[in-house]
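**Q** have a look at this fold, sequence not included:
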């Protein structure tokens, strides 16, 4: 983002997203997927601007760092059982990954919750890749975090458009 210096927490969160194969454009495409039916002539650039604003929030950065760290530790087999197996296999009843994602969605209100639920079920774009277990990588937390960032950015965009109209 131009104009504002990026602090160490934000730099690290962005780097870790990038290192795990997620770009701001990937998340912007999810926002476009969620919002194109509601906003005529919506452009990817506008979606990316909203993603950038969401990524600038400390609560979001903390969730990114926490979730990615747990995924990385699980990949290395460094968690104690049964948590190691639960996270490594993305056990369906675990739910803590979604709770962490809710901390992101909660920053921008109730529209984000419905967007998150929808995108978490559909798993379009980068979410399909992150949810693919055949890669050998663990993205138990990351797929939910990315979906939550997109949902929060969608909510932010919806609120901004509503205020303009």
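**A** Thanks, I have the structure now. Keep in mind it's a predicted model, so treat the numbers as computed, not measured. Residues are numbered from 1 along each chain as shown.
**Q** and the end-to-end length of stretch 52-60?
**A** End-to-end distance for stretch 52-60, by C-alpha to C-alpha, to the nearest Å: 11 Å.
**Q** okay, buried residues for that stretch please.
**A** 52-55, 57, 60 (16 or more other C-beta atoms under 10 Å). Bear in mind the C-beta positions are built from the backbone N, C-alpha and C, glycine included.
**Q** what's residue 154 sitting at in phi/psi?
**A** With angles defined as degrees, to the nearest 10, residue 154 sits at phi -60, psi -40.
**Q** show me what contacts the most centrally placed residue in the chain?
**A** Among the residues of the chain, the one closest to the centroid is residue 146, at 1.7 Å (C-alpha atoms, centre = their mean). Residues near residue 146 by C-beta atoms under 8 Å, 6 or more residues apart in numbering: 17, 22, 26-27, 30, 126-127, 130.
**Q** do the same with residue 11
**A** Contacts of residue 11 by C-beta under 8 Å, 6+ apart: none found.
**Q** what mean pLDDT does the helix or strand hosting residue 62 have?
**A** Here residue 62, judged by DSSP states H and E, is contained in helix 58-75. Averaging pLDDT along helix 58-75 gives 98.
**Q** in the next helix or strand after it, what counts as buried?
**A** Of the helices and strands lying after helix 58-75 in sequence (DSSP H and E), the nearest is helix 83-89. Using 16+ other C-beta under 10 Å as the test for burial, helix 83-89 gives 86-88.
**Q** ok, back up a step: tell me the one of the buried residues of stretch 52-60 nearest residue 161?
**A** Proximity of the buried residues of stretch 52-60 to residue 161 (C-beta to C-beta) peaks at residue 53, which lies at 14.0 Å.
**Q** now do the SS call for that closest one.
**A** State at residue 53, reduced to three classes by DSSP: H, G, I helix; E, B strand; the rest coil: helix.
**Q** same deal with residue 41?
**A** Classified using three-state DSSP, residue 41 is coil.
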